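# Build me a structure from this.
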Amino acid sequence: WVEGDNAEIAQPKALKKHISYLSSDELQGRLTGSVGEKKAADYIVKELKSLGLKPYANNSFFQTFNYKVKVNPHSTDASGDKSNSGTNIIAFLDNKASKTIVIGAHYDHLGLNEHNHSSKPNSNGEIHNGADDNASGVAAVLELARMYSQNKTKENVNYIFALFSGEEDGLIGSKHIAETLKTYYPNVVAMINLDMIGRLDKDKSLVVGGIGTATEFSAIVTKNKPAGFNVTLDNTGQGPSDHTSFYLKDIPVLYFFTGTHNDYHKPSDDEEKINYYGVRNIVDYVFRVSNEVATLDKIEFTKTAMNAGKTVPKYKVTLGIMPDYTDHGDGLHIDGVTENRPAHAAGIVEGDILVKIGDCEIKEVYGYMDCLSKLSVGDEKEVTVMRDGKPLNMKVKF
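As a prediction, this is how the structure comes out:
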């Protein structure tokens with residue numbers, strides 16, 4: 001291990017080692033409950049133990065949970081649902097402090113598309129390696145665990161390092177941790193989520209979400225940002241990733257994300273496409289941010305609006321809907337429609353499932369964001385929604 005002073009800088013070699021192994025074909029895409037996911041879990045626990053970290057609760061690093069998977073996205077009832085189990089991995093760095101910060105990432109992915117979440121048509125049986133989603137985030141958490149446990153500083157905050165299972169099936173693992181967290185650690189002051197930080201683009205674009213969930217976050221995130229990075233601040237504490245589970249338990253959250261891309265939820269999300277310069281800089285950024293969050297005397301949780309605006313607009317157009325962030329796998333479920341916006345004008349209603357904008361297919365919220373980002377004001381597109389199990393086409397003017 002890198003000891004002492006060097007312990008406080010992210011090591012690209014370690015990041016590459018973690019991402020390469022976790023996204024290798026040997027792990028068969030780390031589907032929740034699979035043999036491949038168990039191999040990933042064993043690897044992660046071995047790393048955490050080697051750092052001298054303690055188990056989270058009940059003397060175990062593992063926290064298992066059971067849930068049902070909707071295998072057929074088109075079924076309207078639960079008859080075809082399959083029982084499954086997942087395993088969270090949780091380690092604790094005890095600094096004997098009065099408060100605790102959670103740093104987490106999900107380590108599951110789509111396996112061979114057994115649960116039908118792939119965005120590549122007919123890809124059942126193909127390994128979805130999930131290098132960016134989310135071997136990149138796991139590597140970051142392991143590296144932060146090393147930096148905090150091997151440095152010479154005793155921070156005035158404890159750290160929980162959590163690797164979630166079941167994220168791809170609807171944030172199942174993080175919901176499970178969030179339910180029990182305050183029983184064991186009533187003093188959790190913040191949760192930092194790393195999901196897809198491996199594909200920093202040429203403009204060095206990074207989204208940091210959740211900055212509205214505590215008054216101090218905006219200033220801390222802005223002050224510590226890496227040189228040359230274009231950081232988009234997003235206020236909202238809810239989104240299609242595990243920080244949502246903690247936000248819903250009134251815990252302030254921060255979410256780091258380098259954005260969606262054409263390989264998202266496809267077998268082509270492979271290690272050779274990872275931008276290690278980006279991963280390393282983001283890990284160092286999170287380290288600086290969490291160090292500063294640790295110095296705050298008190299962090300007041302603040303509720304945020306679901307559609308709290310981004311301070312830098314990412315999309316030229318809006319559809320005017322409230323998306324359901326759960327990945328149902330059969331399109332974007334619409335939780336609400338804003339009046340006098342394009343969706344409302346076209347006759348889209350709450351409860352509709354959005355599956356297509358033009359010829360851009362939508363499986364879930366990331367796909368929706370991807371489709372929106374390609375549109376300009378004034379574009380007219382045929383939009384397809386499912387209503388009562390039947391497809392409906394409507395013309396939408398953006």
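# For the stretch 51-200 of the chain, just list every one of the helices.
Ranges of helices in the stretch 51-200 of the chain, per DSSP state H, counting those that start in this stretch, are 136-150, 172-184.
# Check those for me and report the most buried one.
Sort these by mean neighbour count, taking mean count of other C-beta atoms under 10 Å, and helix 136-150 sits at the top with a mean of 26. All C-beta spots, glycine's among them, are computed from the backbone N, C-alpha and C.
# For that one, C-alpha coordinates in PDB please.
Taking C-alpha atoms only, helix 136-150 is exported to PDB below (Å, rounded to 0.1, in the frame of the first residue of the first chain):
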ATOM      1  CA  SER A 136     -15.700   3.100 -12.200                       C
ATOM      2  CA  GLY A 137     -17.600   4.100  -9.100                       C
ATOM      3  CA  VAL A 138     -16.600   1.000  -7.200                       C
ATOM      4  CA  ALA A 139     -12.900   1.600  -8.000                       C
ATOM      5  CA  ALA A 140     -13.300   5.200  -6.700                       C
ATOM      6  CA  VAL A 141     -14.900   4.000  -3.400                       C
ATOM      7  CA  LEU A 142     -12.100   1.500  -2.900                       C
ATOM      8  CA  GLU A 143      -9.500   4.100  -3.600                       C
ATOM      9  CA  LEU A 144     -11.100   6.600  -1.200                       C
ATOM     10  CA  ALA A 145     -11.300   3.800   1.400                       C
ATOM     11  CA  ARG A 146      -7.500   3.400   0.900                       C
ATOM     12  CA  MET A 147      -6.800   7.100   1.000                       C
ATOM     13  CA  TYR A 148      -8.800   7.600   4.300                       C
ATOM     14  CA  SER A 149      -7.600   4.500   6.100                       C
ATOM     15  CA  GLN A 150      -3.900   4.700   5.100                       C
END
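# domains of the protein?
If you go by automatic domain parsing, the domain ranges for the chain are 4-295, 321-397.
# Out of the helices of the stretch 51-200 of the chain, the one nearest Asp201 is which?
Closest to Asp201 of those is helix 136-150 (C-beta to C-beta; 13.9 Å).
# What is the closest one packed up against?
Other helices and strands packing on helix 136-150, by 3 or more C-beta pairs under 8 Å, 6 or more residues apart in numbering; DSSP states H and E, are helix 12-22, helix 35-50, strand 82-93, strand 100-106, strand 158-164, strand 188-194, helix 276-295.
# average model confidence for that helix?
In this model, helix 136-150 has a mean pLDDT of 97.
# what separates it from the chain centre, distance-wise?
On the basis of C-alpha atoms, centre = their mean, to the nearest Å, helix 136-150 sits 16 Å off its chain's mean C-alpha point.
# try stretch 203-212
13 Å.
# ok, and the helix or strand in this structure with the lowest average confidence?
Counting by mean pLDDT, DSSP states H and E, the chain has its least confident helix or strand at strand 321-323, which shows a mean of 80.
# Restricting to C-alpha, output the helix or strand just after that one in PDB.
The helix or strand immediately downstream of strand 321-323 is strand 332-337, counting by DSSP states H and E. Provided in PDB are the C-alpha atoms of strand 332-337 (Å, rounded to 0.1, in the frame of the first residue of the first chain):
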ATOM      1  CA  LEU A 332     -39.800   5.900 -19.000                       C
ATOM      2  CA  HIS A 333     -42.900   5.900 -16.600                       C
ATOM      3  CA  ILE A 334     -44.400   9.400 -16.300                       C
ATOM      4  CA  ASP A 335     -45.300  10.500 -12.800                       C
ATOM      5  CA  GLY A 336     -46.700  13.800 -13.700                       C
ATOM      6  CA  VAL A 337     -47.200  16.200 -16.600                       C
END
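# hmm, back to that, mind putting the helices and strands packed on helix 136-150 into CSV with mean neighbour count and distance to Lys225?
Output for the helices and strands packed on helix 136-150, formatted as CSV (neighbours: other C-beta atoms under 10 Å; distance: least, C-beta to C-beta, whole Å):
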stretch, mean neighbour count, distance to Lys225
helix 12-22, 18, 20
helix 35-50, 18, 28
strand 82-93, 21, 25
strand 100-106, 27, 18
strand 158-164, 26, 22
strand 188-194, 26, 15
helix 276-295, 20, 7
